[in-house]
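Asks: Attaching a predicted model along with its sequence, questions to come.
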Amino acid sequence: MRLLRRSRTAGGRLPPLSFTAVPAPRARLNRSQLAVPGSSRKFIDKARTLGADIIMFDLEDAVAPEEKEQARATVIEAINSLDWGARTLSVRINGLDTPWMYRDLIEVAEHAGDRVDLIMVPKVGTPGDVYTVDVLLTQIETAKQRSRRIGIELLIESALGMQNVEAIAAASPRIESLHLGSGDYAASIGARTLSIGGPHPGYSVLTDADGGGHRQSHWNDMWHYAHSRLVVAARANGLRPVDGPFANFRDEQGFAAAAMRVAVLGFEGKWVIHPSQIEAGNRVFTPSAEEVGKARRILAAMADARAKGMGAVTLDGRMIDVASIRQAETLVRKAAAIAAAA
């Protein structure tokens, strides 16, 4: 059997591992996504003074049914009347199974469309849900002769949505990010927890007894499967994976630990539901100076190796190769984007 050699591209880099090119995620900082109740002008005004990367005005779960229409008007007025600078703005509309969704989408896109960057679609279960939103946005933008396209964020929070997450992630070129809503997701799969984003002592393993008959219990991460599947679907389609809320906002250590777990898995950021969570979110999802320094050393070492005709080299006692370059380049780009936005 004859093996095919992978030819090098211009500049000496190896081409992707597949002939299917995966687009890079839209260049948008998404370390912290602040959820703001659309019915509270007080909280909306305060959000402008905070350091979250994305402000998400919530018309769904944070707003009581009798306040839905007024909240929609409040959000549109605030978006148009206040100075948001270069801040990314998103609006979470109500679900497609509600009587408020179509007016949310139409009125926000028509009357605040020049400033709105993203529409968050909750409870996405099938690719058809995405198509519905995409068609309406396309019609609105065409009718209003807008050249700036509104992006879509998708909230996966049901067994159906997770079952279809790969197809959902590929459903529209408008999609920028996938988000996990662990509260509704837990309810959908019948998980025995009342926590939103936190661990559970029941999801643990018990060690064998030691010589003294003592056993230890080790908690596991009950969200690991959902996080892993969502991050793969997102990255395979050039989207940003973002984790949902950690409800116990008084538990700063717990929030930071939850953020670090998903950051290690490849997530871009996490929702924040209280101003106290913003600093930790931005910090956890910002590469440290040590990490950036090591990444730059890897790139320098590989550049030197290429100049000498070598495909791999060791650095600090570890082998680095082409895969190391991709990881280092991604980290350096992220650090540069964060520095530019500071």
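Replies: Cool, the structure landed.

Asks: correct me, but I196 touches F249?
Replies: No: look at I196 against F249 with CB atoms under 8 Å: they stay out of range, at 10.6 Å. Glycine gets a C-beta too; all of them are placed from N, C-alpha and C.

Asks: Show me what counts as buried in stretch 213-224.
Replies: 221-223 (16 or more other CB atoms under 10 Å).

Asks: same deal with stretch 194-214?
Replies: For stretch 194-214, by 16+ other CB under 10 Å, it's 195-200.

Asks: wait, which of those is closest to H227?
Replies: G197 (10.6 Å; CB to CB).

Asks: Tell me the confidence at the closest one?
Replies: Listed pLDDT for G197 reads 85.

Asks: cool, and T20?
Replies: Confidence score, pLDDT, at T20: 75.

Asks: And it, how close does it get to N237?
Replies: According to CB to CB, to the nearest Å, T20 stands 11 Å off from N237.

Asks: Between these two, which has more neighbouring residues?
Replies: N237 (19 against 7; other CB atoms under 10 Å).

Asks: quick one, phi psi at that one?
Replies: Note on N237: its backbone torsions stand at phi -120, psi 10 [degrees, to the nearest 10].

Asks: doesn't V22 make contact with it?
Replies: Yes: counting by CB under 8 Å, N237 touches V22, with 7.2 Å between them.

Asks: Give me the common contacts of those two.
Replies: Counting by CB atoms under 8 Å, 6 or more residues apart in numbering, N237 and V22 have no contacts in common.

Asks: Among the buried residues of stretch 194-214, which one lies nearest to E291?
Replies: Using CB to CB, G197 is the member of the buried residues of stretch 194-214 that lies nearest E291, at 24.9 Å.

Asks: picking up where we left off before, spit out the residues that contact T20 and N237 alike.
Replies: With CB under 8 Å, 6+ apart, T20 and N237 have no common neighbours.

Asks: any idea where the strands of this protein begin and end?
Replies: 32-37, 54-58, 88-92, 118-121, 151-156, 175-180, 204-206, 217-219, 240-243, 269-272, 313-315, 318-320 (DSSP state E).

Asks: Not counting the second one itself, show me its contacts.
Replies: Contact partners of strand 54-58, identified using CB under 8 Å, 6+ apart, comprise 28-30, 32-38, 44, 47-48, 75, 78-79, 84, 87-92, 118, 120, 271.

Asks: per-residue pLDDT, E107?
Replies: Looking at E107, its pLDDT is 97.

Asks: just checking, it touches I76?
Replies: Yes: at 6.4 Å, E107 counts as touching I76 under the criterion of CB under 8 Å.

Asks: Settle it for me: which of these two has more neighbours?
Replies: Just comparing E107 and I76: by other CB under 10 Å the higher neighbour count belongs to I76, 21 against 18.
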